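Student: Predicted model and sequence follow; I will ask about them next.
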Amino acid sequence: MGKSFDIGLERLTGIGVPGDGQPQEGGIKPPLHDAGRPFSDQGKQEADAVGSTFYLETFGCQMNDHDSEKVAGVLLGRGYRQVETPEAAKVILYNTCSIREKAAQKVFSRLGELRPADEQDGKCFNTEDTEKEHRVHRDGRVLEKNHPSLRKIVNAGGGKIIGVLGCVAQQEGEEIFERAPWVSLVCGSASYRKLPQLIAELEAGNRRVTGLDTDTDETFETEITRRDNPWRAYLTIIEGCDKACSYCVVPFTRGPERSRGSASILEEVRQLADAGYSEVQLLGQTVNSYADPSARNMRFSELLAAVAEVGGIRRVRFTTSHPRDFGKDIVEAIEAHPTICDNVHLPVQSGSTAVLRAMARTYSREEYLEKIALMKAARRPISITTDMIVGFPGETEKDFEETLTLLDEVQYDSVFAFKYSPRPNTPSLKMADAIPEEEKGRRLGILMDRQREIQRVRNEKLVGETFEVLVDGKSRRENQWSGHTSSNRVMNFTSPEQELLGDYVQVKVSSAMPNSLVGEMVGR
Ligand code: 5AD
Ligand code: SF4
């Protein structure tokens, strides 16, 4: 199962990554639907003959989760079989995230695990230090200490294809071959349409292939998307980002904004409904900046309404919205269509207008609060969630205080909070007055405590109320189930029913915690 967009504790600790959040290559471009074309019998036999299996691990946001679903779909369409471990795979792929440094480092530690034993011809080689093993540069610098030796993986299978996809691929490009010469494929998300061709080149014996262009106006659509969640289908409607926030790598790694045609989106939603999906989540780094490239020229709110009207669709979600493009028309669409979930994720990043200006967010605290007021005035309650960055360069104690008062004022139902992480190429890298790590940690802790208390109080007010829940989990404990409300709250509940997965049921809240509700099923 893919990661769900849960309102969980990880959001407060900044571990969970929400989807705010990236560009492509010339050369030969296969027709769009080649990507998902069923594998021919002959091709399938060839693939089977070489034992074509793939392992795919995904880091980061829902956009990456969904990109991985498409990549898996493409590979399955070419006759590959997905396996659970890198050891069992012929092709090992990492779909990576570079939004913060920690996320980006993860892939290099994974790649370190795959380093062949005899890797001496690149820039890195091994040295034995009694039992410990370090990876060192030829000049003697230790690049990675005590990293686990999983060399058997590569040695055991031999001839594996190792690929880096996603934001780190786009950001680091061919540098990855330098750092990990055993990698043979580097491909950013804007070039995924080329993936089948790139993989074919590797299968034909090419040693290294890349897909790194970002100047495309096309989106990566496949007819075969292997969706992880049987009820909730993700659908990218806009890729890339044109916003240029000063701290953010996404415009570099995912390129300029490209929207998918509304007719093609609506057709896919109809197919999803026919296939039994009842919930669709429209995705984009700035989903509400959607600009229909077709003659219909639908606004985002019109598309939202049209998706909500597709028969069989019971829930429509959308993430992530940018405050600048968030208007009354979106709130009106929510009001008019009960199928549009009453949850809006509207990242603010900071409560201080001075910091927002330095971040190039294009709105002030007051302008952001005007958008919040639109939602608060809606005819049905809308649950509001956000992203926050603490410790941006120059953030004073007073600026931070303003972030805290914003929490009080808005009363979010969940907050993803992060310590500012300096990223390559971004304008904020050169900004003065960096905040020490320790101080960032202190501010994050204060923010989390404050928000946890807000959520505790807000959730407690819901005790006694009844909500519709889409059941998406069954506990090992008898009669225990879990699901999500329209507002995207996690609801753990009891029911003696035998089978509920995928059903919509009515649950009455009996107790509340900061990150979830507890209840009892009272009907269908
Ligand atoms: N440092 C910390 N957090 C960041 N985010 C984006 N870039 C950075 C960075 N350099 C956060 C923002 C965004 C979320 C996806 O990740 O809050 O909304
Ligand atoms: Fe979101 Fe700004 Fe990054 Fe675009 S540049 S993905 S709007 S944070």
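Tutor: Yes, it's here. Numbering: from 1, shown residues only. Ligands and ions are numbered 1, 2, ... in the order given.

Student: Just give me the neighbour total for whichever residue of the stretch 151-300 of the chain sits closest to ligand 1.
Tutor: Nearest residue of the stretch 151-300 of the chain to ligand 1 (Cβ to the nearest ligand atom) works out as Tyr247 at 4.1 Å. Glycine gets a C-beta too; all of them are placed from N, C-alpha and C. As a burial measure, the neighbour count of Tyr247 was computed by other Cβ atoms under 10 Å and equals 24.

Student: so where does it fall, helix or strand?
Tutor: With elements delineated by DSSP states H and E, Tyr247 resides in a region that no helix or strand encompasses.

Student: cool, and Leu282?
Tutor: Using DSSP H and E, Leu282 falls in strand 279-283.

Student: got it, and His484?
Tutor: Element membership of His484 [criterion: DSSP H and E] is strand 480-485.

Student: Could you list the paired strands of that strand along with their orientation?
Tutor: For strand 480-485, the pairing partners within the sheet under DSSP bridges are strand 466-474 (antiparallel), strand 490-494 (antiparallel).

Student: where does the residue of the stretch 151-300 of the chain closest to ligand 1 sit relative to Phe400, distance-wise?
Tutor: When distances are taken as Cβ to Cβ, to the nearest Å, Tyr247 and Phe400 turn out to be 16 Å apart.

Student: Same question for Glu409.
Tutor: When distances are taken as Cβ to Cβ, Glu409 and Phe400 turn out to be 15 Å apart.

Student: same deal with Trp182?
Tutor: Trp182 sits 44 Å away from Phe400, taking Cβ to Cβ as the criterion.

Student: so where's the protein shaky on pLDDT?
Tutor: Scanning the chain with the threshold set as pLDDT under 70 gives 1-51, 117-158, 217, 223.

Student: Could you give the number of residues near Gly311?
Tutor: Per other Cβ under 10 Å, the neighbour tally for Gly311 reads 7.

Student: sorry, back to before: Trp182 and Phe400: which has the busier surroundings?
Tutor: Higher neighbour count among Trp182 and Phe400: Phe400, with 22 against 15, using other Cβ under 10 Å.

Student: next helix or strand past the host helix or strand of the more buried one?
Tutor: Element membership for Phe400 (DSSP H and E) is helix 397-410. Taking DSSP H and E as the definition, the helix or strand that follows helix 397-410 towards the C-terminus is strand 414-419.

Student: Can you tell me the closest non-neighbouring residue to the residue of the stretch 151-300 of the chain closest to ligand 1?
Tutor: Closest residue to Tyr247 in three dimensions, ignoring its sequence neighbours and counting by Cβ to Cβ, 6 or more residues apart in numbering: Ser428, at 4.5 Å.

Student: Can you verify that neighbour is assigned to a helix?
Tutor: Yes: secondary structure of Ser428 (DSSP: H, G, I helix; E, B strand; the rest coil): part of a helix.

Student: how many neighbours does it have?
Tutor: When neighbours are defined as other Cβ under 10 Å, Ser428 has 20 of them.

Student: what residues are up against it?
Tutor: Neighbour list for Ser428: 246-247, 358-359, 392-393, 420, 422 [criterion: Cβ atoms under 8 Å, 6 or more residues apart in numbering].

Student: Adding distance to Val107, write these out as TSV.
Tutor: Compiled in TSV, the contacts of Ser428 are given as follows (distance: Cβ to Cβ, whole Å):
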residue	distance to Val107
Ser246	25
Tyr247	21
Ala358	29
Met359	26
Phe392	25
Pro393	26
Tyr420	21
Pro422	18
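
Student: Pull the contacting residues for Gly464.
Tutor: Each residue near Gly464 by Cβ under 8 Å, 6+ apart is listed here: 508-509.

Student: run the last query once more with 7 Å
Tutor: The neighbours of Gly464, taking Cβ atoms under 7 Å, 6 or more residues apart in numbering as the test, are Val509.

Student: Checking it next. Helix, strand or coil?
Tutor: Note that with three-state DSSP, the state of Gly464 is coil.

Student: shift numbering so it begins at 39
Tutor: Sounds good: first residue 39 from here, last item Gly502.

Student: how about the residues of the stretch 189-338 of the chain near ligand 1?
Tutor: 285-286 (Cβ under 6 Å from any ligand atom).

Student: All the strands of the stretch 189-338 of the chain, in order from the start?
Tutor: If DSSP state E, counting those that start in this stretch is used as the criterion, the strands of the stretch 189-338 of the chain fall at 199-203, 223-225, 247-249, 270-274, 276-277, 296-297, 317-321.
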